[in-house]
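> sequence and predicted model, in that order:
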Amino acid sequence: MEATIVSEKIKHYPVLLKEIISIISPQYGGTFIDCTLGQGGYTKEILKFNNTKVIALDRDFETKDIADEIKEKFEERFLYKNKKFSQLNNLKLKNEDIKGIIFDLGYSLTQMKDIKKGLSFDSIGELNMKLGLNEFSANDAVNKLNQKDLEKIFKYFGEEKEAKKIANRIIIEREKQNIDTKKLVEIIELTKKRKNFKIHSATKVFQALRIFVNKEISELIFGLINASKILKKDGIIAVVTFHSLEDKIVKYFFKSLSEKKSISRYQPKIEQSETLFSMKFKKPIVPSAKEVKENISSRSAKLRFLIKKKDFYDFETDILKKFDFLLDIENLGNKL
């Protein structure tokens, strides 16, 4: 019965779709990059407008079936790449007028319900959590990394208060057996004394492992940097985040670029008096009560966007330095 959870009939709701379309304005035409094709919600909506083209990326190769369906309908107006969005600068764009770049950092319901991917604590069997183009799995991390490394991952990527105790219990238990999904959930539930009835006890640890396995910190940072480079003047970067760590990174990057902390490498700092980007709203856009009611998964979504004011490619940013401690934790994967 469990296998029937993954169904082609699972309904997909593109989060904040109306707001995204309103911001990027595809009715005026142009080329748009959908950095996370997923079930194709944003891409299909953009392509409804004439004189638009979408270049879609996704690291999950299983999205190719969706891509093939869209390609059949829209032909030359759609291009699909099985790539990570950190590789935006390697797309070899020839005279493309990039008007908008969209990042949806959430997982689709189809992915979360896919037992083979093992993204959820409801999954059965070996820990996986690989979205595609990965170097190691959650099974490798949980069963091979030392206690201090696991503690850092749970604490900083999952904001798990009981990180030390959970990591310690994992080390003890894995001497008896390989830790799979069921066993990890059991360890967490037995270790955590204080229960939060709003979320499952394993939520934060599983979030941390997904971030770690898929290198989501560096993916996001380099995705944002490269998107800022290839975007054309008046183009828009729109990002939908689903947890505080993602939003913290996006918020800092957008704020720094719109407050004279970003400068062109080809212009002396003393001569550059205006910013390269503008941010219309300081606060994020969130789903309406109606959308949350229709799609409970949207409840934690936050949308931020940035507008490019000048045509340029290279610029300086301190985002790598700002979040270097998170990148150091991510690099613990080099031990695997």
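Looks like it came in fine. Numbering: from 1, shown residues only.
> and the nearest residue to residue 44 once chain neighbours are set aside, what's its pLDDT?
Spatial nearest neighbour of residue 44, chain neighbours left out: residue 70 (6.6 Å); criterion: Cβ to Cβ, 6 or more residues apart in numbering. Using the backbone N, CA and C atoms, a C-beta is placed for each residue, glycine as well. With respect to pLDDT, residue 70 scores 98.
> which strands or helices does whichever helix or strand residue 70 is part of pack on?
According to DSSP states H and E, residue 70 maps onto helix 64-74. With contacts defined as 3 or more Cβ pairs under 8 Å, 6 or more residues apart in numbering; DSSP states H and E, the packing partners of helix 64-74 are helix 41-47, strand 52-57, strand 78-81.
> for the shortest one, C-alpha coordinates in PDB please.
Taking only C-alpha atoms (Å, rounded to 0.1, in the frame of the first residue of the first chain), the coordinates of strand 78-81 have been written out as PDB:
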ATOM      1  CA  PHE A  78      11.100  25.800 -24.300                       C
ATOM      2  CA  LEU A  79      14.500  24.400 -23.400                       C
ATOM      3  CA  TYR A  80      15.300  22.000 -20.600                       C
ATOM      4  CA  LYS A  81      18.600  21.300 -18.900                       C
END
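> strand partners (parallel or antiparallel) of whichever helix or strand comes after that strand?
As assigned by DSSP H and E, the chain's next helix or strand after strand 78-81 is strand 98-104. Within its sheet, and counting by DSSP bridges, strand 98-104 is paired with strand 30-34 (parallel), strand 236-241 (parallel).
> for residue 82, which non-adjacent residue is closest in space?
residue 61 (5.3 Å).
> and the one you found, how many residues sit next to it?
12 (other Cβ atoms under 10 Å).
> just put the helices and strands packed on helix 64-74 in TSV and tack on distance to residue 148, mean neighbour count and mean pLDDT.
TSV is the format used below for these (distance: least, Cβ to Cβ, whole Å; neighbours: other Cβ atoms under 10 Å; pLDDT from 0 to 100):
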stretch	distance to residue 148	mean neighbour count	mean pLDDT
helix 41-47	40	23	97
strand 52-57	35	24	98
strand 78-81	38	20	97
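> could I get those as TSV with distance to residue 333?
As requested, the helices and strands packed on helix 64-74 are arranged in TSV below (distance: least, Cβ to Cβ, whole Å):
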stretch	distance to residue 333
helix 41-47	30
strand 52-57	22
strand 78-81	24
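> among the ones you listed, which is nearest residue 120?
Closest to residue 120 of the helices and strands packed on helix 64-74 is helix 41-47 (Cβ to Cβ; 20.7 Å).
> quick one: name whatever helix or strand follows the helix or strand of the chain with the lowest mean pLDDT.
Using mean pLDDT, DSSP states H and E, strand 263-264 stands out as the lowest-scoring helix or strand of the chain, at a mean of 50. Moving toward the C-terminus from strand 263-264, the next helix or strand (DSSP H and E) is strand 277-278.
> so which bits of whichever helix or strand comes after that following strand are buried?
The helix or strand immediately downstream of strand 277-278 is helix 289-294, counting by DSSP H and E. Buried residues in helix 289-294, defined by neighbour count with 16 or more other Cβ atoms under 10 Å: residue 291.
> how about the contacts made by residue 55?
31, 32, 33, 34, 79, 81, 91, 93, 96 (Cβ atoms under 8 Å, 6 or more residues apart in numbering).
> low-confidence ranges in the stretch 101-250 of the chain?
Under the criterion pLDDT under 70, the flagged ranges of the stretch 101-250 of the chain are 112, 118, 194-197.
> helix, strand, or coil at residue 331?
Secondary structure, DSSP: H, G, I helix; E, B strand; the rest coil: residue 331 is helix.
> hang on, residue 300 packs against residue 246?
No: applying Cβ atoms under 8 Å as the test, residue 300 and residue 246 come out as separate, 10.1 Å apart.
> neighbour count: these two, which is higher?
When residue 300 and residue 246 are compared for neighbours, residue 246 comes out ahead with 20 against 16, by other Cβ under 10 Å.
> wait, the more buried one touches residue 105, no?
Yes: if you go by Cβ under 8 Å, residue 246 and residue 105 touch, sitting 5.3 Å apart.
> overlap in contacts, these two.
Joint contacts of residue 246 and residue 105 (Cβ under 8 Å, 6+ apart) are 216, 220.
> pretty sure residue 303 sits in a helix.
No: using three-state DSSP, the assignment for residue 303 is strand, not a helix.
> which residues touch it?
16, 19, 20, 23, 238, 239, 240, 284, 285, 286 are the contacts of residue 303 under Cβ under 8 Å, 6+ apart.
> please apply the same query to residue 281.
By Cβ under 8 Å, 6+ apart, the residues touching residue 281 are 304, 305.
> repeat the analysis, applying 10 Å as the threshold.
Listed by Cβ atoms under 10 Å, 6 or more residues apart in numbering, the contact set of residue 281 reads 303, 304, 305.
> nearest to residue 221, of the contacts of residue 303?
Nearest to residue 221 among the contacts of residue 303, with distances taken as Cβ to Cβ, is residue 239, at 11.9 Å.
> tell me how many other residues crowd that closest one.
Neighbour tally, residue 239, other Cβ under 10 Å: 27.
> who are the contact partners of it?
35, 101-105, 220, 223-224, 227, 246-247, 249-251, 253-254, 284, 302-306.
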